[in-house]
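Undergrad: whatever this is, show me its structure:
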Amino acid sequence: MIDLKAALEEDTVNNNEHLRESMALSIEIIYAMLNKDYNFLETISSPKISVNHDSNSFTINNQKEQFLQNIDFSNIKYKLHNLSSINDAIVVVFGENDLDIELKFERDNEYYLLSSFVTH
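TA: Numbers count the residues shown, from 1 in each chain. Okay, the predicted model is just below:
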């Protein structure tokens with residue numbers, strides 16, 4: 001018989017850890033884009049993503065997405081966090097003024113890797 005209370009408590013602890021990890025990684029990725037830290041961006045990107053040094057952009061599914069050029073961190077707001085248990089993916093969305101910054105992570109073994117980056 002499953003102890004529902006224990007299972008829910010364990011899920012809460014796991015979800016909190018996933019939230020912390022993905023939020024920290026999101027901020028590190030934003031800083032890396034601003035500082036053109038290609039090595040870090042390549043390290044944390046899934047095989048679905050190419051980091052383009054010459055154009056300061058990502059290529060994801062044949063779509064080019066420019067790196068963020070400047071961000072006023074005093075105006076950045078957390079908007080959304082979604083953890084999908086189906087494919088172990090996490091979506092984190094921040095907003096700065098009229099810009100939404102969406103980062104998607106997928107688990108690769110024990111680490112989360114950036115699998116999508118979109119601004120709109």
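Undergrad: low-confidence ranges in the protein?
TA: Counting by pLDDT under 70, the chain shows low-confidence ranges at 1-15, 85-87.
Undergrad: quick one: the strands in it?
TA: Listed in chain order, the strands of the chain (DSSP state E) span 49-52, 57-60, 63-66, 76-84, 89-96, 99-108, 111-119.
Undergrad: residues contacting the third one, please?
TA: With C-beta atoms under 8 Å, 6 or more residues apart in numbering as the contact definition, strand 63-66 has outside contacts at Asn52, Ser55, Asn56, Ser57, Phe58, Thr59, Phe117, Val118, Thr119. C-betas here are computed from N, CA, C, even on glycine.
Undergrad: for the third one, give me its contacts.
TA: Residues in contact with Asn56 (C-beta under 8 Å, 6+ apart) are Met33, Lys36, Gln66, Phe67, Gln69.
Undergrad: tell me the buried residues within these.
TA: For the contacts of Asn56, a burial check counting by 16 or more other C-beta atoms under 10 Å picks out Met33, Phe67.
Undergrad: could I get the contacts of Asn56 as CSV with distance to Ile27?
TA: CSV is the format used below for these (distance: C-beta to C-beta, whole Å):
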residue, distance to Ile27
Met33, 11
Lys36, 16
Gln66, 19
Phe67, 15
Gln69, 17
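Undergrad: among the contacts of Asn56, which one sits closest to Leu83?
TA: Met33 (23.4 Å; C-beta to C-beta).
Undergrad: pull the contacting residues for the closest residue to that closest one other than its chain neighbours.
TA: Closest residue to Met33 apart from its sequence neighbours, by C-beta to C-beta, 6 or more residues apart in numbering: Phe67 at 3.9 Å. Applying C-beta under 8 Å, 6+ apart, we find Phe67 in contact with Met33, Leu34, Lys36, Asn56, Ser57, Phe58.
Undergrad: gap between the first one and Glu110?
TA: If I follow you right, that is Met33. 24 Å (C-beta to C-beta, to the nearest Å).
Undergrad: before we move on, back to that, tabulate the strands of the chain (a markdown table), appending distance to Glu21.
TA: Formatted as a markdown table, these follow (distance: least, C-beta to C-beta, whole Å):
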| stretch | distance to Glu21 |
| --- | --- |
| strand 49-52 | 18 |
| strand 57-60 | 20 |
| strand 63-66 | 22 |
| strand 76-84 | 11 |
| strand 89-96 | 8 |
| strand 99-108 | 9 |
| strand 111-119 | 6 |
